[in-house]
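Trainee: Generate coordinates for the sequence data below:
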Amino acid sequence: MTTPDAARYRANLQGEVDGAAIYRSLADSESDPKLAEVFRRLASVEEAHGEFWRSRLGAKGGGSLPRPSFRARALAWLARRFGPAFVVPTLAAAETRDSSAYDDQADARKAGLSGDERSHARIMRAIAGQDGGVAGPTLAMLEGRHRGGGNTLRAAVLGANDGLVSNLSLVMGVAGAAGGERTLLLTGLAGLVAGACSMAMGEWLSVTSSRELNQKQIATEADELREVPDEEKEELVLIYRAKGIEEPQARALADRLLSDKDTALDTLAREELGIDPDELGGSAWQAAIWSFVLFATGAIFPVAPFFFLAGTTALIASLAASGLALMAIGIGTSLFTGRSALFSAVRQLAIGLAAAGITYGVGAVVGVSVS
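Mentor: Numbering: from 1, shown residues only. Okay, the predicted model is just below:
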């Protein structure tokens, strides 16, 4: 076995071990037994793939499987702590990104692994609500399960990042203009409150507008269902035909649904409009509160040292605290980008410090000019 082949086998094995660990965690955390069974089947396929690569490494019946990576363990913990819906969009994006990973590997294609990976990507996109429907009779029952939930993990990480980078830049800009400790503390607190309120208000308006639009669309659909039921029936038939259902079965299903107006409206909202009538895009107040909290959480790091320290010591402590927080956020982004935790942490640190350095320089120039 050549060294490049061995490295490829190990990388593939690690990926399958990670996938199996995450899917097992999703299955254990999922309250819907049908969806839990889907996750268990996905985990079993990943484990079978892992055994394939372990045998290629010559470890069959011998060596142990590698431990799941940090990213896999973190996603599994998040699924157990916050529920599968918290990480499903991230996993769907990762499966889509990696679905062609085996296309250039002849041994994987011959064993059918590349087809399995593309199938996994389709299933996860459907569960996450990124596709119009779910393949297969079992998965069809799960349609809309996570629709409209968005990528909560990504939003949480980026929300904290916004607060951290913007407030760090603000504090460093004022520091460059030779502001004193009291001025820096007040500036940082003002930036935290103003930024958090702005983010919260923007999120409230966004979600409220989305809910109002969804309600209007459903009301329009209800009017059409009442006034032109035949046209709505044809729309349902076309939707089910697009999902691969034969026309006789599609018409029978449409007739059955239209026999109950409430069920018909709920189905049309989900199938035609892509709206969950029970959620309508989520709670505007909940979104606003979370936006405020996440922004404030990031924004507090540059300001906190000025409560306890003074002078250059406080400035250095602010940079150090912010640097650690930036690296933590970088590690968080690695959960949904697939890049290594070290690379993501260093990149996030460099970008954040660069922004702070630019504003410090601008502050210094402006401070000299004003003086």
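Trainee: from here on, contacts and neighbour counts on C-alpha atoms
Mentor: Fine.
Trainee: Where do the domain boundaries of this protein fall?
Mentor: Domain assignment for the chain by automatic domain parsing gives 3-140, 152-206+284-370, 207-273.
Trainee: Please report how far the residue lying closest to residue 285 once chain neighbours are set aside lies from residue 159.
Mentor: Distances taken as C-alpha to C-alpha, 6 or more residues apart in numbering place residue 204 nearest to residue 285, at 6.2 Å, with adjacent residues excluded. Taken as C-alpha to C-alpha, to the nearest Å, the spacing of residue 204 relative to residue 159 amounts to 14 Å.
Trainee: Equivalent analysis for residue 320, please.
Mentor: Counting by C-alpha to C-alpha - residue 320 and residue 159 are separated by 20 Å.
Trainee: And for residue 102?
Mentor: Relative to residue 159, and taking C-alpha to C-alpha, residue 102 is found at 34 Å.
Trainee: which one of those two has more residues nearby?
Mentor: residue 159 (22 against 19; other C-alpha atoms under 10 Å).
Trainee: Name the next helix or strand downstream of the helix or strand bottoming out on mean pLDDT in the chain, please.
Mentor: Across the helices and strands of the chain, mean confidence by mean pLDDT, DSSP states H and E is lowest for helix 137-140: a mean of 33. Under the assignment DSSP states H and E, the closest C-terminal helix or strand after helix 137-140 is helix 152-176.
Trainee: Next, residue 67: phi, psi?
Mentor: phi -70, psi 150 (degrees, to the nearest 10).
Trainee: And for it, the neighbour number?
Mentor: 12.
Trainee: That one against residue 17, yeah?
Mentor: Yes: between residue 67 and residue 17 there is a contact under C-alpha atoms under 8 Å: 7.4 Å.
Trainee: contacting residues around residue 23?
Mentor: The contact partners of residue 23, by C-alpha atoms under 8 Å, 6 or more residues apart in numbering, come to 39, 40, 42, 43.
Trainee: As CSV, those residues with pLDDT, distance to residue 188 and neighbour count would be great.
Mentor: Formatted as CSV, the entries for the contacts of residue 23 read as follows, by pLDDT from 0 to 100; distance: C-alpha to C-alpha, whole Å; neighbours: other C-alpha atoms under 10 Å:
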residue, pLDDT, distance to residue 188, neighbour count
39, 88, 45, 23
40, 88, 48, 19
42, 88, 48, 24
43, 89, 47, 24
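Trainee: Return the member of those nearest to residue 193.
Mentor: The shortest approach to residue 193 among these belongs to residue 39, at 41.9 Å (C-alpha to C-alpha).
Trainee: Could you identify the helix or strand that succeeds the helix or strand in which the closest one is found?
Mentor: Residue 39 is located in helix 33-56, with elements delineated by DSSP H and E. Beyond helix 33-56 in the direction of the C-terminus, DSSP H and E gives the next helix or strand as helix 70-82.
Trainee: one step back: how far away is the residue nearest to residue 285 from residue 294?
Mentor: Taking C-alpha to C-alpha as the criterion, residue 204 is separated from residue 294 by 14 Å.
Trainee: And residue 201, by the same measure?
Mentor: Distance of residue 201 to residue 294, given as C-alpha to C-alpha: 13 Å.
Trainee: who's more crowded, those two?
Mentor: The residue with more neighbours, out of residue 201 and residue 294 and counting by other C-alpha under 10 Å, is residue 294; that gives 23 against 18.
Trainee: thought the more buried one was touching residue 154?
Mentor: No: using C-alpha under 8 Å, residue 294 is not in contact with residue 154, being 11.7 Å away.
Trainee: where are the low-confidence patches of the stretch 251-371 of the chain?
Mentor: Applying pLDDT under 70 to the stretch 251-371 of the chain picks out residues 268, 271-274, 276-282, 367-371.
Trainee: which stretches of it form helices?
Mentor: For the stretch 251-371 of the chain, the helices identified by DSSP state H, counting those that start in this stretch occupy 261-268, 284-303, 305-308, 311-337, 341-370, in order along the chain.
Trainee: Please identify the most buried of these.
Mentor: Greatest average neighbour count among the helices of the stretch 251-371 of the chain goes to helix 284-303 (a mean of 23), per mean count of other C-alpha atoms under 10 Å.
Trainee: quick one, it and helix 311-337 angle?
Mentor: With axes from the mean of the first three to the mean of the last three C-alpha atoms, to 10 degrees as the criterion, the two stretches helix 284-303 and helix 311-337 enclose an angle of 140 degrees.
Trainee: Now the helix or strand hosting residue 92: buried residues?
Mentor: Element membership for residue 92, per DSSP H and E: helix 88-98. Residues of helix 88-98 classed as buried by neighbour count (16 or more other C-alpha atoms under 10 Å): 88, 89, 90, 91, 92, 93, 94, 95, 96, 98.
Trainee: Equivalent analysis for stretch 68-85, please.
Mentor: Judged by neighbour count (16+ other C-alpha under 10 Å), stretch 68-85 contains these buried residues: 68, 71-73, 75-80, 83-85.
Trainee: picking that back up, and the buried residues of helix 88-98, which is closest to residue 109?
Mentor: For residue 109, the nearest member of the buried residues of helix 88-98 is residue 98. The distance, counting by C-alpha to C-alpha, is 14.3 Å.
Trainee: what sits against the closest one?
Mentor: With C-alpha under 8 Å, 6+ apart as the criterion, the residues that contact residue 98 are residue 117.
Trainee: What ranges does the stretch 101-250 of the chain have for its helices?
Mentor: The residue ranges that make up the helices of the stretch 101-250 of the chain, judged by DSSP H, counting those that start in this stretch, are 106-110, 113-127, 137-140, 152-176, 181-227, 229-242, 247-258.
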